[in-house]
Structure formats: structure tokens, C-alpha cells
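Undergrad: quick one: sequence and predicted model below, then my questions.
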Amino acid sequence: MYPDAHCELDFTSPLELLVATILSAQCTDKRVNQVTPKLFARYPSAADYASADREELEGLIRSTGFYRSKANSILGLGRKLCDEYGGEVPGDLDALVKLPGVGRKTANVVLGNAFGVPGITVDTHFGRLVRRFGWTLESDPVKVEHAIGDLFPPKDWTLLSHRLIWHGRRICHSRRPACGACELARWCPSFGEGPTDEADAAALVRNGPFS
DNA sequence: ATCCCGAGGG
DNA sequence: CCCTCTGGAT
């Protein structure tokens, strides 16, 4: 299922993916991809973001929502990349999460999709689905990461993240999940009534299209 | 009305 | 743990 699940943000470098991911908060990827061509042309490097005019930057990203805080993050991001990393995006989690506007979710997206480092991206979809599947009861994203990391080998982490996120967006919605259209319903402990079943959860790991 | 692949701050 | 930031799509 979803053998070709992938990051739907358009980018050609770690810096572009980092900025696109920041913009994607509470916004569709499609809309992000509508603003990034002009944005990336106007600010090709971290130094260009660092010296950007705030209002011009805000104007270019306005339609993605949260544009003031996102512009703030991107300005600070450009400065910090220039001051501390020679204008390059660092390729490790600890450094990434210290950048303004970059949390663990964004950092893992960049690691997994721009640096080829296996990463589990625990966003709202991923967390909701693994709990429905009975793969963990944790809600803290870091604990979820570790729990799922124990169930799957690192080489599967990035693709697994994309697959669950796609499934969450298309079928397993937050409010009214489309269980009738879900290929996983027969293994899903949350389908129908009754408490979470550990055997079902294990079967979903073993037999499910995600393994 | 309600939701969207979050992060930072109190 | 709560709140805030924001426009767009449906």
C-alpha cells in the first residue's frame, strides 16, 4: 500500500526543504508549492533570508497562513545558519531542532528527505494512526518515535512515515475515519467496537501493507 | 463551521 | 497543559 508515498513538497536542496516544511504548518503542500518558486528564486541562500526585508518576505508567504511567525522563523533561521553553520543546513537532529521554527517533526522531515538519514516523522497523522493501530499508547512524540523505532528497522522509517501520513490524510481521518474504504480494517484493533487488541496490532505489523 | 504533515511561549 | 499564530479549501 502506498509504495510510492513520498514528500509532496517541492525542493531541490536541504535549505529549500527546510523552508518549505516550516511553511507547511497548518497549510496544504499544494499551497506551499505555489509560493516556493518565487520565494526560492528571491532568496537562493541562507544569507539572502538573513538580510531579507521582513515585509517583502511576509508578502511572499502570506497565503500559507501564520505568515508573521513563519517570516520571523525564516529570518532567524537565515541568520543562525550564517552565524553558526557557514550558511549550510546541518545534517543532524540536535543542530536542526535548535534552529528557530524547527521542531522535531520538521527536523525529521529534512533528515529523511534531504539527507537520506532514516527518520520517523511523528506528526498529527502518524501519532493518531499508530495509536489506533495499537502500536503504542504513548502520546509524547519522542516516546512514539522510540516505540515505533523498535517495531521497524531504520531503513523503513522514512517510507513508513510517508505511508501513514498519506493514509491518515486520505482514509484514517481524525474525526470520521473512512473504515469502509480502509484496506487495514481487518487487522485494525480500532475497527468496530471493543478494546485495543494486542494480537491485531501485532498482525498489522507482520502482515500489514506497511511492513 | 471545521480542518490543514507545527512550534513557541506562558 | 493551555494558548496563539493565520489563510485557504471544503
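TA: Done, it's in. Numbers count the residues shown, from 1 in each chain, chains lettered A, B, ... in the order given.
Undergrad: right, and residue A:70 touches residue A:102 too?
TA: No: look at residue A:70 against residue A:102 with Cβ atoms under 8 Å: they stay out of range, at 11.7 Å. (C-beta placed from N, C-alpha, C; glycine too.)
Undergrad: which neighbours do the two share?
TA: Residues touching both residue A:70 and residue A:102 by Cβ atoms under 8 Å, 6 or more residues apart in numbering: residue A:22.
Undergrad: and the helices in chain A, which stretches?
TA: Taking DSSP state H, the helices of chain A run over residues A:14-23, A:29-42, A:46-50, A:54-61, A:67-85, A:93-97, A:104-114, A:124-132, A:141-151, A:157-170, A:198-207.
Undergrad: could you dump those into a markdown table with mean pLDDT, distance to residue A:4 and mean neighbour count added?
TA: Below are those laid out as a markdown table (pLDDT from 0 to 100; distance: least, Cβ to Cβ, whole Å; neighbours: other Cβ atoms under 10 Å):
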| stretch | mean pLDDT | distance to residue A:4 | mean neighbour count |
| --- | --- | --- | --- |
| helix A:14-23 | 96 | 18 | 24 |
| helix A:29-42 | 95 | 15 | 15 |
| helix A:46-50 | 97 | 31 | 20 |
| helix A:54-61 | 96 | 29 | 16 |
| helix A:67-85 | 96 | 29 | 18 |
| helix A:93-97 | 95 | 26 | 15 |
| helix A:104-114 | 94 | 14 | 23 |
| helix A:124-132 | 92 | 18 | 19 |
| helix A:141-151 | 93 | 21 | 16 |
| helix A:157-170 | 91 | 9 | 20 |
| helix A:198-207 | 75 | 21 | 15 |
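Undergrad: how close does residue A:178 get to DNA strand C?
TA: From residue A:178 across to DNA strand C, the span is 14 Å (Cβ to the nearest atom of the strand, to the nearest Å).
Undergrad: of all the helices of chain A, which lies closest to residue A:179?
TA: Between residue A:179 and those, the tightest spacing by Cβ to Cβ is seen for helix A:124-132, at 10.0 Å.
Undergrad: which residues sit against that closest one?
TA: In contact with helix A:124-132 (Cβ under 8 Å, 6+ apart) are residues A:120, A:136-139, A:141, A:144, A:147-148, A:161, A:164-165, A:167-169, A:172, A:174, A:177, A:188-190.
Undergrad: let's see it at 7 Å
TA: Under the contact criterion Cβ atoms under 7 Å, 6 or more residues apart in numbering, helix A:124-132 has outside partners A:136-137, A:139, A:141, A:144, A:148, A:161, A:164-165, A:167-169, A:172, A:174, A:188, A:190.
Undergrad: repeat that for stretch A:137-148.
TA: Here stretch A:137-148 has contacts from A:104, A:120, A:122, A:127, A:130-131, A:135-136, using Cβ under 7 Å, 6+ apart.
Undergrad: picking up where we left off before, of all the helices of chain A, which one is nearest DNA strand B?
TA: Proximity to DNA strand B (Cβ to the nearest atom of the strand) singles out helix A:104-114 among the helices of chain A, at 3.0 Å.
Undergrad: now do the same contact list for residue A:121.
TA: Contacts of residue A:121 by Cβ under 7 Å, 6+ apart are A:105, A:108-109, A:112, A:161.
Undergrad: repeat the analysis, applying 10 Å as the threshold.
TA: Residues counted as contacts of residue A:121 (Cβ atoms under 10 Å, 6 or more residues apart in numbering) are A:7, A:21, A:104-113, A:141, A:145, A:157-158, A:160-162, A:164-165.
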